[in-house]
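Asks: Requesting a structural model of the entry that follows:
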Amino acid sequence: MPGPTPSAVEGLTADRHLLARTSTADRVADVLRTHIAEGTLAPGTRLSEASIATILGISRNTLREAFRLLIQERLLTYEMNRGVAVRELTVRDVTDAYKARLALEAAGLRNAAAAEPRLLAAVHEAVAQGERAAAREEWSAVATADLNFHRALARLAGSDRIDEFMRRLLAELRPAFHVMPSPREFHGPYLRRNRVIADLLAAGDLPAAERELTDYLDNAEAQITDRMREVRDAGGPR
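Replies: Residues are numbered from 1 along each chain as shown. Below is the predicted model of the structure:
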């Protein structure tokens, strides 16, 4: 398991201002969650309580509570005598996450005909966001837009609970994307498929949109888990 790298932990410095007014555990957890999702804090990275508390200007008690929240969300792990680390996903984790994703996103598509216009607009804006990022060759931003697209699909269900489940699920899953050797080759084709789903949604062909979504998620799961097995067989994490 890799130790903390100065650049990874010091990258939190820019977010210290977010905690200036109310240094709560929820806000601290949100900062750490974002860095985990974006890959700044990579899977397996140990999180030094002393370093992070100092960098963010918070008490250790507040940080421990934030750690507890993120452990519950399956983003961090705790081991006796080893401390807290960013969780490393297994093939089983990814397979389970994609089953949950399909259930939540399909629920959104099935409710799309009754969804509020602003929720439908968010789906199309997420696609456009990804296309703009791809034109700039900003593949991390493409990945973010992709997750925004899928969260927007789940939001069509009109359920705050589904939205919250989806937010946590995508945050947990995003580190798995970093196993792919080429972000452009991985995300590029799915960006185009996002457009297909959005167009089917706009046309009102919800059964076709759900079929495309199912195939899409099956393909993405297979790509990620196949790559994880390759890494594992080469001596990397399981």
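Asks: Every contact and neighbour count from this point should use C-alpha atoms.
Replies: Fine.
Asks: which residues does residue 148 contact?
Replies: residue 126 (CA atoms under 8 Å, 6 or more residues apart in numbering).
Asks: host element of it?
Replies: Assigned by DSSP states H and E, residue 148 belongs to helix 139-155.
Asks: And the next helix or strand past that helix?
Replies: For helix 139-155, the following helix or strand on the C-terminal side (DSSP H and E) is helix 160-177.
Asks: Dump the helix holding residue 148 to PDB, restricted to CA.
Replies: C-alpha atoms of helix 139-155 as PDB (Å, rounded to 0.1, in the frame of the first residue of the first chain):
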ATOM      1  CA  TRP A 139     -10.100  13.900 -20.200                       C
ATOM      2  CA  SER A 140     -10.500  14.200 -16.400                       C
ATOM      3  CA  ALA A 141     -13.200  16.800 -17.100                       C
ATOM      4  CA  VAL A 142     -14.700  14.400 -19.600                       C
ATOM      5  CA  ALA A 143     -14.900  11.800 -16.800                       C
ATOM      6  CA  THR A 144     -16.600  14.300 -14.500                       C
ATOM      7  CA  ALA A 145     -19.100  15.200 -17.200                       C
ATOM      8  CA  ASP A 146     -19.800  11.500 -17.800                       C
ATOM      9  CA  LEU A 147     -20.600  11.000 -14.100                       C
ATOM     10  CA  ASN A 148     -22.800  14.100 -14.100                       C
ATOM     11  CA  PHE A 149     -24.700  12.600 -17.100                       C
ATOM     12  CA  HIS A 150     -25.300   9.300 -15.300                       C
ATOM     13  CA  ARG A 151     -26.300  11.100 -12.100                       C
ATOM     14  CA  ALA A 152     -28.700  13.300 -14.200                       C
ATOM     15  CA  LEU A 153     -30.300  10.100 -15.600                       C
ATOM     16  CA  ALA A 154     -30.900   8.800 -12.100                       C
ATOM     17  CA  ARG A 155     -32.300  12.200 -11.000                       C
END
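Asks: Neighbours of residue 30, how many?
Replies: Applying other CA atoms under 10 Å, we find 15 residues neighbouring residue 30.
Asks: lowest average confidence, helix or strand, in this structure?
Replies: Lowest on mean pLDDT, DSSP states H and E among the helices and strands of the chain sits helix 6-10, with a mean of 70.
Asks: and after it, which helix or strand comes next?
Replies: Next along from helix 6-10, by DSSP H and E: helix 25-37.
Asks: Please compute how far that following helix lies from its chain's middle.
Replies: Chain-centre distance of helix 25-37: 12 Å, with CA atoms, centre = their mean, to the nearest Å.
Asks: From the contact counts, what lies against that helix?
Replies: Contact partners of helix 25-37 among helices and strands, from 3 or more CA pairs under 8 Å, 6 or more residues apart in numbering; DSSP states H and E: helix 60-72, helix 160-177.
Asks: Residues contacting stretch 203-210, please?
Replies: Contacts to stretch 203-210, defined as CA under 8 Å, 6+ apart, come from residues 106, 109-110, 112-113, 197-198, 200-201.
Asks: same thing but at 10 Å, please
Replies: 102, 105-113, 196-202, 212-214, 216 (CA atoms under 10 Å, 6 or more residues apart in numbering).
Asks: Which ones among those residues map onto helices?
Replies: 102, 105-110, 196-202, 212-214, 216 (DSSP state H).
Asks: In ChimeraX, how would I select the buried members of the residues you listed?
Replies: Selection of buried members from the ones in helices among the contacts of stretch 203-210 for ChimeraX, criterion 16 or more other CA atoms under 10 Å:
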select :102,105,106,107,108,109,110,196,197,198,200,201,202,212,213,214,216
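Asks: Surely residue 108 is in contact with residue 166?
Replies: No. Contact status for residue 108 versus residue 166: not in contact, 11.1 Å apart, counting by CA atoms under 10 Å.
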